[in-house]
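Q: this is a predicted model, with the sequence first.
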Amino acid sequence: MQAILTVAFPVFALIGVGFWAGRRRVLGPGGTAALSGFVTWFALPAMLFAALARVEIAAIVNLPFVVVYGGSMAVTFGVGMIAARGMSRAGVAHQSVHGLSAAFGNVGYMGIPLCVSGFGAAGVLPATLAVCIGGGGMMTVAIVLIEYGRNRGGGRGVGRRVGMAVLRSPILQAVAAGMLVAGLGVTVPGPVMRFLDLLAGAAGPCALFAIGHFLSEQGLPRRLGEVGLAVAGKMLLQPLVAWGLLGLFPGMAPMWAKSALLLAALPSAANCFVLAQEYDSFVEGASATILLSTLISVGSVSVLVVVLGMG
């Protein structure tokens, strides 16, 4: 209980400070957009590149974990898209952000500390692989679908326009560069990596602050149906799917199996709000999903930590 409270309290505190700043108009008009732009173009790409660039691929590749954790993300993302389509007849961009909010967990700022707390230094391995799966895989898929949804009505050449839009994404550029550096075994110079770490350290706090700032301007959505589905997908469906997929690998190492379940049960990540803000799709819903799922996680993840016998 102490571990999850230690990790969850700063999340709520940052959202609360952002809410207070928005109410007091400390940042003036356009504060949310400015913060989100900083995270999208600078802090988040630095975080993803730094995380991927320092990974030793051979040390973290665990195929059963990829199937269990990655499979649970993929299934939940797909169900989230279908749910958004069925409830609001939303377009592909809205569906994609809804699916991402239901599937993309807060691994970087909650998962890594919890895994290290539960398994020691070795716990960083499954958490790092989860970051690669989420940032290099699921976020890439979501951006591709969003761009397709925005451009598909443009007639001939839609594929080229979608491709160019995806290539211009600073997030995907960072993911591709980080995976290339890791794959080639290139060592990033120390001063450069420290600069990236300094910039990356602002991604989570700024994104959470921006969520609070946005909520102070807009409040929670009046219709919480889609938010409820996204929260249910993140906090219930994804861990259940991960648990079901574990049955395919009875010999999976206990640390990796427990980490897959724990990471699948984490609340929605602030990155979902950043992407929603960037593409102006499901913005209120993404912020509310993060807030409500994080609140629920204080109890649900605490119970799961006890059940898994971590620590």
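A: Thanks, I have the structure now.

Q: was I right about Arg150 contacting Ala93?
A: Yes: the pair Arg150 and Ala93 passes the contact test of Cβ atoms under 8 Å, sitting 5.8 Å apart. From N, CA and C alone the C-beta is placed, and that goes for glycine too.

Q: what is in contact with the two at once?
A: By Cβ atoms under 8 Å, 6 or more residues apart in numbering, Arg150 and Ala93 have these common neighbours: Tyr279.

Q: following the lowest-mean-pLDDT helix or strand in the chain, which helix or strand comes up?
A: For the chain, counting by mean pLDDT, DSSP states H and E, helix 158-167 ranks last in confidence among helices and strands (a mean of 64). Per DSSP states H and E, helix 158-167 leads on to helix 170-184 as the next helix or strand towards the C-terminus.

Q: helices and strands around that next one, which ones?
A: Using 3 or more Cβ pairs under 8 Å, 6 or more residues apart in numbering; DSSP states H and E as the contact test, the elements touching helix 170-184 are helix 44-53, helix 139-151.

Q: switch to 6 Å and redo it
A: Judged by 3 or more Cβ pairs under 6 Å, 6 or more residues apart in numbering; DSSP states H and E, the packing partners of helix 170-184 are helix 44-53.

Q: what sits up against the helix it packs on?
A: In this structure, residues lying in contact with helix 44-53 by Cβ atoms under 6 Å, 6 or more residues apart in numbering are 131, 135, 170-171, 174-175, 177-179, 181-182, 188, 196-197, 199-200, 203.

Q: how far away is Leu245 from Ala74?
A: 10 Å (Cβ to Cβ, to the nearest Å).

Q: I meant to write Ala50 there.
A: As judged by Cβ to Cβ, Ala50 and Ala74 stand 25 Å apart.

Q: who's more crowded, these two?
A: Taking other Cβ atoms under 10 Å, Ala50 and Ala74 do not tie; Ala50 has more neighbours (23 against 18).

Q: name the nearest residue to the more buried one, sequence neighbours excluded.
A: In this structure, Ala50 finds its nearest non-sequential neighbour in Leu196, 4.3 Å apart by Cβ to Cβ, 6 or more residues apart in numbering.
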